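J.: Sequence and predicted structure below; questions after.
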There are 2 protein chains.
Amino acid sequence: MKLIGYFRSSAAFRVRIGLNLKSITVEHASRHLRKGEQAAPDYVALNPQKLVPTLVLDTGEVLTQSLAILEYLEETHPEPPLLPSNPVDRARVRALALITTADIHPIQNLRVMGYLRDKFGQTEESAFAWSRHWIETGFDAYEASIAKDRKTGSFSHGDRPTLADLCLVPQVFNAARFKVDMTRYPTIQRIYATCMKHPAFDAAQPSRQADAEA
Amino acid sequence: MKLIGYFRSSAAFRVRIGLNLKSITVEHASRHLRKGEQAAPDYVALNPQKLVPTLVLDTGEVLTQSLAILEYLEETHPEPPLLPSNPVDRARVRALALITTADIHPIQNLRVMGYLRDKFGQTEESAFAWSRHWIETGFDAYEASIAKDRKTGSFSHGDRPTLADLCLVPQVFNAARFKVDMTRYPTIQRIYATCMKHPAFDAAQPSRQADAEA
């Protein structure tokens, strides 16, 4: 399999963690999002959304969208599981994952920030405030969802990493870039620290990728 | 079970279609989003994101996030299936669903439009143009993904409704409000028309809900 990503992409980061946790070795390729390489015709033919990541299977079939890719990996490589076994708990983990992947990240990713600057004439500072607002709105809800729930353990759900953590950690990295005050989120911070001690998360972080830049 | 929604919410609309397709009867309740009823303390206790829908199970357990709820319904009420059986096909359907639910709807929902007007001082016209831009960006990719794929049938995947269609139809309703030119999307239009002839989709549409307004 080949994963086409970008070192700084939160969505690609999620999939890298999942691959590492499941000990699946893939070839890595990169599209430089700031240089617009995701809009090249050969890439658009694979991924009409012009987003990363894209997973190309050995059969030639092409998968897109990080959550769809992670659910595919879960179905085809079930061990260790990224989801609990009980349907209610699976819904809890998926809902937590969607707080970050649907209701934070798409509102403040590179293309949206570009629109704010180019079409609305917003300053860098104003675009940063926008980004912080949506991260904080989402993290407020995430923290409230996990802080007092007995289903929360050393990770967002129980004592091993789930899909929720794979989505949370890249968003915490992103929050640091936008200078979000993380002291507001003690439970998120605790889980993030636990995750980053895990080799699967550590090896997936942006600075450890072959295409990483300062 | 009780579904707390809002007639015009795309996310609640998705879940209503899923419930109808699976012939699951639930009690319906509503939070009026434009009046801010989703921020009332009793609702925030159930859904810290202050978003709809919320599904309250008979056991008292609370599920949030439309896609997590639909996956739960699929796992607990498997017939008729909302996902194909093959993992690659399941990934295709989930990726299509995520084009609308992650990469269109959260960028142009009520709270985001409010920020554009209140914090950026954008006009109604400018906020509408923003909304159209993200719908068109997403629909361009959706149309390109399905138009020439032999896996597309009378629905987005094959000849029966899947999760992808449950998410597409509410977004088409939303696109009409923002006056998106749908002639650019012949395959989406064809599938939308097929869906709306299906009683499960028809009964779930906003105007047929108890809390509907003109």
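T.: Great, that's in hand.
J.: contacting residues around the residue of chain A positioned farthest from its centre?
T.: Most distant from the centre of chain A: A:G121, at 28.2 Å, with distances by C-alpha atoms, centre = their mean. A:G121 is in contact with no residue at all, counting by C-beta atoms under 8 Å, 6 or more residues apart in numbering or on different chains. C-beta: built from backbone N, CA, C; applies to glycine.
J.: Got the confidence number for it?
T.: A:G121 carries a pLDDT value of 94.
J.: Any idea how many residues pack against A:E124?
T.: Residues near A:E124, counting by other C-beta atoms under 10 Å in any protein chain shown, number 10.
J.: Likewise for A:L116?
T.: Per other C-beta under 10 Å, the neighbour tally for A:L116 reads 21.
J.: Could you check how far it is from chain B?
T.: To chain B, A:L116 is 8 Å away according to C-beta to the nearest C-beta, to the nearest Å.
J.: Remind me which helix or strand that residue belongs to.
T.: helix A:110-118 (DSSP states H and E).
J.: Distance from the chain centre to that helix, please.
T.: The chain centroid and the centroid of helix A:110-118 are separated by 20 Å under C-alpha atoms, centre = their mean, to the nearest Å.
J.: right, and the helix or strand after that helix?
T.: Next helix or strand after helix A:110-118 toward the C-terminus (DSSP H and E): helix A:124-147.
J.: That following helix - contacts with which helices or strands?
T.: The elements that helix A:124-147 packs onto, with contact taken as 3 or more C-beta pairs under 8 Å, 6 or more residues apart in numbering or on different chains; DSSP states H and E, are helix A:87-101, helix A:110-118, helix A:163-177, helix A:186-196, helix B:110-118.
J.: of all the ones you listed, which lies closest to A:V44?
T.: Set against A:V44 and scored by C-beta to C-beta, these come closest in helix A:110-118, at 14.2 Å.
J.: Now do the closest one: which elements does it pack against?
T.: For helix A:110-118, the packing partners by 3+ C-beta pairs under 8 Å, 6+ apart are helix A:124-147, helix B:124-147.
J.: Can I get the first one in CSV, CA atoms only?
T.: In CSV, the C-alpha atoms belonging to helix A:124-147 read as follows (Å, rounded to 0.1, in the frame of the first residue of the first chain):
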residue,chain,number,x,y,z
GLU,A,124,-3.1,36.9,9.7
GLU,A,125,-4.1,37.8,13.2
SER,A,126,-7.8,37.7,12.5
ALA,A,127,-7.5,34.4,10.7
PHE,A,128,-5.6,33.0,13.7
ALA,A,129,-8.3,34.2,16.0
TRP,A,130,-10.9,32.4,13.8
SER,A,131,-8.9,29.2,14.0
ARG,A,132,-8.5,29.5,17.8
HIS,A,133,-12.2,30.1,18.2
TRP,A,134,-13.2,26.8,16.4
ILE,A,135,-10.4,24.8,18.2
GLU,A,136,-11.6,26.1,21.5
THR,A,137,-15.2,25.6,20.8
GLY,A,138,-14.5,22.0,19.9
PHE,A,139,-12.0,21.4,22.7
ASP,A,140,-14.5,22.9,25.3
ALA,A,141,-17.0,20.2,24.2
TYR,A,142,-14.4,17.4,24.0
GLU,A,143,-13.1,18.2,27.5
ALA,A,144,-16.7,18.4,28.9
SER,A,145,-17.4,15.0,27.2
ILE,A,146,-14.5,13.2,28.7
ALA,A,147,-13.6,15.0,32.0
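J.: can you list the helices and strands packed on helix A:124-147 in a markdown table and add distance to B:C167 and mean pLDDT?
T.: Formatted as a markdown table, those follow (distance: least, C-beta to C-beta, whole Å; pLDDT from 0 to 100):
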| stretch | distance to B:C167 | mean pLDDT |
| --- | --- | --- |
| helix A:87-101 | 12 | 98 |
| helix A:110-118 | 20 | 95 |
| helix A:163-177 | 19 | 98 |
| helix A:186-196 | 28 | 98 |
| helix B:110-118 | 18 | 95 |
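J.: which stretch among those helices comes nearest A:E37?
T.: helix A:110-118 (12.4 Å).
J.: That closest one to helix B:124-147, inter-axis angle?
T.: Going by axes from the mean of the first three to the mean of the last three C-alpha atoms, to 10 degrees, helix A:110-118 is angled at 150 degrees with respect to helix B:124-147.
J.: Give me the contact list for helix A:110-118.
T.: Here helix A:110-118 has contacts from A:33-34, A:106, A:122-124, A:126-127, A:130-131, B:107, B:120, B:130, B:133, B:137, using C-beta under 8 Å, 6+ apart.
J.: And the buried ones among the residues you listed, selectable in ChimeraX?
T.: In ChimeraX, a selection of the buried entries from those looks like this (16 or more other C-beta atoms under 10 Å in any protein chain shown):
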select /A:33,106,122,127,130,131 /B:107,120,130,133,137
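J.: Any buried residues in the helix holding A:L116, and which?
T.: For helix A:110-118, the neighbour count (16+ other C-beta under 10 Å) marks A:R111, A:V112, A:M113, A:Y115, A:L116 as buried.
J.: Tell me the gap between stretch A:54-66 and the middle of its chain.
T.: That offset, for stretch A:54-66, works out to 17 Å (C-alpha atoms, centre = their mean).
J.: can you list contacts of that stretch?
T.: Stretch A:54-66 is contacted from outside by A:1-4, A:11-12, A:14-15, A:26, A:43, A:46-47, A:49, A:51, A:53, A:69, A:72, A:101, B:88, B:91-92, B:94-95, B:98-99, B:102, using C-beta under 8 Å, 6+ apart.
J.: Apart from its neighbours in sequence, what residue is nearest A:T187?
T.: Leaving aside its sequence neighbours, A:T187 sits nearest to A:A147 (C-beta to C-beta, 6 or more residues apart in numbering or on different chains; 4.7 Å).
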